[in-house]
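Visitor: Pasting the sequence and the predicted model now:
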Amino acid sequence: MLTDLPARIKQHAREAGFDLCGIAPVVDFGELNVFPSWIAEGKHGEMKYMEARDDRGELKRAALARVAPWARSVIVCAINYNTAHPYSNQVEVKDRSRGWISRYAWAHVDYHDAVLGRLKQVEDDLRKLIAANSNSLQLRSYVDTGPLIERVYAKYAGVGWIGKNTCIINQKLGSWLFLGVILTSLELSNDDGRADLPAPDRCGTCTRCIAACPTHAIVAPGQLDARLCISYLTIEKRGEIPDEMRSGMGRHVFGCDICQDVCPWNRKAPVTSAAEFEARDGLVNPALDWLAEMQQPEFREVFRGSPVSRAKLSGLRRNAVIAMGNSGNKKFISTLERLSEDSDPVVAEHACWAVAELSDLP
Ligand code: B12
Ligand code: SF4
Ligand code: SF4
């Protein structure tokens, strides 16, 4: 076996365009014990895929050693997706006729494809590198969909610590990072002279993210109730948004960045060098009436290949209508009255709610 393999893997990850790379062993880390109770308490809401179990009835995402018994190490890669545009809490984006799509979803590309393509490149390099030494090499790359909680492995690989907002934060890059993992049958160490594993927690006494979350979704440091999170409500939740959650959503139409925008570790976060994450025209702080009245052909054209397509047209229009109701901007009333008779019953119901919200204003 090549003794400098971990260093070479990290070099290949850099060549593939990743900003960070580390290696974690396949171990039942303590943080994984939180997951079964998180699911049992229903904090995942309607994200049924989180409940997937193996044939022994164990939750797949917390049982990597059982689900992939051949896996010995997890290569964790991260790429910076930050672009030079304002944060959602900055004055430049306070126009009440506009909404917020989260930073990760402004680009032409879906991060799953962008990250997976790079992971495959690292996989290929690795196969070439050790083909002569091993004929039983197994490698499997995942972005989001693997049988593991990526952030826990990222912490033990030294990519960053898990902040109180539950995000992986790197001391130099902040938290605007996409993660991707390669499970491997190789027994790899991460001991390239680093004494800082797992990544030390640098949140200290700060609690800005918890205080800033408008829907109180961070129920304790490092613990999120997804049912209360604007990101879940705008991206994952189908159909009707519970009445009591609507006003807290503000003008968010897809995802939410608040708990990262307020984080001091993102104050000087560098901008990505990956051109594909540059924002598409019109998506930073988009006009709400444009989104609320959008029809399928334009939706397909504007959001082709974008993460926003996950919400589907109906979800995006529903979110835009709620945002209009929260905007305090009475000029939207006539548009909303028209939308309250929309052929999409979800859009129509939320538009009725929004009209009532705006009409009640002095
Ligand atoms: C489901 C999911 C969501 C859900 C639930 C989020 C969540 N916090 O669980 C929703 C839709 C809300 C969501 C939102 C977002 N997501 Co998301 N999401 C995922 C996904 C697919 C699974 C996450 C998961 O397993 N959650 C289960 C819970 C239990 O795990 P957890 O919250 O991470 O909690 C662990 C730790 O916090 C730990 N822990 C740490 N300290 C402490 C302390 C104590 C006391 C305790 C008890 C526990 C604890 O215990 C838990 C493990 O059991 C991952 C990809 C993956 N496969 O891992 C992406 C992922 C986490 N998401 C990501 C992103 C970018 C986002 C958003 C920023 C998108 C946006 N702008 O809207 C937001 C961020 C919201 C937030 N504050 O987390 C990135 C995160 C990158 C990063 N830097 O951390 C990931 C890794 C996707 C990727 N491949 O890049 N997401
Ligand atoms: S993404 Fe928004 S709603 Fe979700 S925890 Fe962070 S601040 Fe709260
Ligand atoms: S805002 Fe403060 S507490 Fe929250 S993740 Fe950032 S440093 Fe940690």
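Guide: Arrived safely, thanks for sending. Ligands and ions are numbered 1, 2, ... in the order given.

Visitor: residues touching residue 183, list them.
Guide: Taking C-beta atoms under 8 Å, 6 or more residues apart in numbering, we find residue 183 in contact with 26, 64, 68, 71, 73-74, 138-142, 146, 148. Every C-beta, even on glycine, is put in place using the N, C-alpha and C of the backbone.

Visitor: which of those residues count as buried?
Guide: Listed as buried from the contacts of residue 183 are 26, 64, 68, 71, 73-74, 139-142, 146, 148; burial here means 16 or more other C-beta atoms under 10 Å.

Visitor: sorry, back to before: any chance of the contacts of residue 183 in a markdown table with distance to residue 90 as columns?
Guide: Formatted as a markdown table, these follow (distance: C-beta to C-beta, whole Å):
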| residue | distance to residue 90 |
| --- | --- |
| 26 | 42 |
| 64 | 40 |
| 68 | 43 |
| 71 | 43 |
| 73 | 41 |
| 74 | 36 |
| 138 | 46 |
| 139 | 42 |
| 140 | 40 |
| 141 | 36 |
| 142 | 34 |
| 146 | 35 |
| 148 | 35 |
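
Visitor: These in strands, which ones?
Guide: Applying DSSP state E to the contacts of residue 183, the entries found in strands are 73-74, 139-142.

Visitor: Just give me the closest of those residues to ligand 3.
Guide: Closest to ligand 3 out of these is residue 74 (23.1 Å), distances taken as C-beta to the nearest ligand atom.

Visitor: ranges for the strands of the stretch 251-362 of the chain?
Guide: Listed in chain order, the strands of the stretch 251-362 of the chain (DSSP state E, counting those that start in this stretch) span 252-254.

Visitor: Spell out which parts of it neighbour ligand 2.
Guide: By C-beta under 6 Å from any ligand atom, the part of the stretch 251-362 of the chain that sits against ligand 2 consists of 256, 258-259.

Visitor: I'd like these written out as CSV, with distance to residue 158 added.
Guide: Supplementary listing: those in CSV, determined by distance: C-beta to C-beta, whole Å:
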residue, distance to residue 158
256, 27
258, 27
259, 23
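
Visitor: just these now: which is nearest residue 182?
Guide: Using C-beta to C-beta, residue 259 comes nearest to residue 182 of these, at 28.2 Å.

Visitor: Now the residue in the stretch 1-150 of the chain that ligand 2 sits nearest to. Nearest residue, chain neighbours left out?
Guide: Taking C-beta to the nearest ligand atom, ligand 2 has its nearest neighbour within the stretch 1-150 of the chain at residue 102, 7.9 Å off. Distances taken as C-beta to C-beta, 6 or more residues apart in numbering place residue 255 nearest to residue 102, at 3.0 Å, with adjacent residues excluded.

Visitor: Brilliant, that's me finished.
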